[in-house]
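1. Show me the folded form of this:
(one chain, ligands or ions: 2)
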Amino acid sequence: AQQRYASIRDTKCVSEDGQRIELMMNAGLMADLPSLPTSGAEGVGLFRTELQFLTRNKVPRRGELATLYSGVIDAAQGLPVVFRTLDIGSDKVLPYMKAQDEPNPALGWRAIRVGLDKPGVMRMQLQALLRAHDGRDMNIMFPFIAQMEEFLEARAHLTRELHREASLGHKLPGTLRIGAMLETPSLAFAPRRFFEEADFISIGGNDLKQFFFAADRENERVRRRYDTLNVSFLSLIEKIVTRCTQSDTHVSFCGEDAGRPVEALCFAAMGLRCLSMRPASIGPVKNILLKADLGEVRRVIEAARDAGDQSVRPAVMEYLRRR
Ligand code: PEP
Ligand code: MG
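-> Ligands and ions are numbered 1, 2, ... in the order given. Reported below is the predicted structural model:
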C-alpha cells in the first residue's frame, strides 16, 4: 500500500484550497520507527508507552526505559516525537499489578488517575523520559485528563522531576512542551485557563467517542451504531477546535479515525490541522487531502447539519462522488 503512495510521500500536505495539514504517525515500539521515513510522516504524534510495561513480568527499570526512549528520539532524526505517559487500566492491565475489582474498568482507576494516586511509577517514567532527551526538545502528554486540576497536578510532578534532574547535574530538555489528551467530553468544557495552560491538546478519539456515545469501544455490537461523522460528534470536535484556537493552543487528533480518509477529510474541514495515525494510513489520507477543497467540504457538512441529517457521511460521500 505504501508503494502506491510513494510519489506523494515527500509532498507536504496542503489541501487544494491552501490549508496546511500536518500528518504524524502513531507508534509504540522501537520497531515502528523505520516507518517514519517510509510513510512520509512529519513526526510521531503519539508514542504509546504501555507495551514495555505490558510485556514484562515486573515494572521495567528506569535505565532500560531511558535507553529505549533515547533510541526512539535518535531514530526520529530531529522530527518531533510526542510521548504519552503510561496509560494502564481499562483494556491495558499490567500482569504484575493487582487486578482491581471494578465493575466498569473503562470508567475506573486507569491512566492518569493511577499516576496521580500512586505516583511512584509515573515519576520513574518521567525521569526516564527527561534523561532520554538529554538536552533535546521534548514533547510529553498525559492521558485521560478529565478535569483541569489533573493536568496541573501531573505537570507539577514533571516540574518536580525536572528540578531533581537539574540538581543531579543532568541535562534538561532544550524545549519542553507539556500537553493533555482530551479523551473525555468533560475536558472540552474545562475552564478557559486549562486551554491556556496546556501547551497542546491531542484528541484521543477512540476514548472520546466511547464516552461521548456511552458505547464501549471494544463492543462491536454497540460501537457500530454510532458514526464518527454523526453531527453531534463533529460538533464536539468543532467546539474543541474553537476553544484551542481562542487560546492559541496547538490541537491534533490521534485516534484511529484520523487514519480513515473520509473522517480525516471531515476533521480537516472542521478545522483540525494536525492528524496522527498508523503509518500505513498517511498515504491514503494525504491523497484525499491534497485534492480537497476544505472550504467546500465544510459547506457540505454545514448544509447536512442544517438539513437535520444524523450523520454527514451520506452528504459528504455524495459530494465526493460528484466531484
Ligand atoms: C484514543 O483513545 O483515541 C487514543 C489515541 O488512545 P488509546 O487508543 O491508546 O486509548
Ligand atoms: Mg485513549
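
2. can you give me the helices in the stretch 51-200 of the chain?
-> Counting by DSSP state H, counting those that start in this stretch, one finds helices in the stretch 51-200 of the chain at the ranges 51-54, 62-75, 112-117, 120-133, 148-167, 185-188, 192-197.

3. can you put these in a markdown table and add mean pLDDT, mean neighbour count and distance to Met270?
-> Yep, even glycine has a C-beta here, placed from its N, CA and C like the rest. Below are those laid out as a markdown table (pLDDT from 0 to 100; neighbours: other CB atoms under 10 Å; distance: least, CB to CB, whole Å):
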| stretch | mean pLDDT | mean neighbour count | distance to Met270 |
| --- | --- | --- | --- |
| helix 51-54 | 93 | 17 | 31 |
| helix 62-75 | 98 | 17 | 31 |
| helix 112-117 | 96 | 19 | 27 |
| helix 120-133 | 98 | 21 | 32 |
| helix 148-167 | 98 | 16 | 24 |
| helix 185-188 | 98 | 18 | 13 |
| helix 192-197 | 98 | 16 | 17 |
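
4. any chance of those helices in TSV, with distance to ligand 2 too?
-> TSV is the format used below for the helices of the stretch 51-200 of the chain (distance: least, CB to the ion, whole Å):
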stretch	distance to ligand 2
helix 51-54	14
helix 62-75	20
helix 112-117	11
helix 120-133	16
helix 148-167	14
helix 185-188	12
helix 192-197	18
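
5. Identify whichever of these lies nearest to ligand 1.
-> Of all the helices of the stretch 51-200 of the chain, it is helix 51-54 that lies closest to ligand 1, at 10.7 Å by CB to the nearest ligand atom.

6. helices or strands up against that closest one?
-> Judged by 3 or more CB pairs under 8 Å, 6 or more residues apart in numbering; DSSP states H and E, helix 51-54 is in contact with helix 62-75.

7. Give me the angle between the helix it packs on and helix 120-133.
-> 40 degrees (axes from the mean of the first three to the mean of the last three CA atoms, to 10 degrees).

8. what about Val29, neighbour count?
-> Val isn't right for residue 29; it's Leu. Residues within reach of Leu29, counting by other CB atoms under 10 Å, total 13.

9. Same check on Ile240?
-> For Ile240, the neighbour count with other CB under 10 Å is 25.

10. Quick check: chain neighbours aside, which residue is closest to it?
-> Ala188 (5.1 Å; CB to CB, 6 or more residues apart in numbering).

11. wait, doesn't the one you found sit right on Leu182?
-> Yes - Ala188 is in contact with Leu182 according to CB atoms under 8 Å; the separation is 6.5 Å.

12. Now for those two: what residues contact both?
-> Ile240 (CB atoms under 8 Å, 6 or more residues apart in numbering).

13. which residues does the residue most central in space within the chain contact?
-> The centre of the chain sits closest to Cys254, judged by CA atoms, centre = their mean, with a distance of 3.4 Å. Applying CB under 8 Å, 6+ apart to Cys254 gives the contacts 24, 26, 45-46, 181, 202-205, 275-277.

14. which of the residues you listed are close to ligand 1?
-> 46, 204-205 (CB under 6 Å from any ligand atom).

15. Which of these fall in strands?
-> Counting by DSSP state E, the ones next to ligand 1 among the contacts of Cys254 place Leu46 in strands.

16. burial count for Asp306?
-> 9.

17. pLDDT value on it, please?
-> The model reports Asp306 with a pLDDT of 98.

18. same deal with Ser232?
-> 98.

19. which of the residues in the host helix or strand of it are buried?
-> Element membership for Ser232 (DSSP states H and E) is helix 231-246. For helix 231-246, a neighbour-count test (16 or more other CB atoms under 10 Å) marks 231, 233-234, 236-238, 240-241, 243-244 as buried.

20. which one is Ala106 nearest to, not counting chain neighbours?
-> Ser90 (4.6 Å).

21. Arg177 too?
-> Arg177 sits nearest to Asp199 (CB to CB, 6+ apart), 4.1 Å away.
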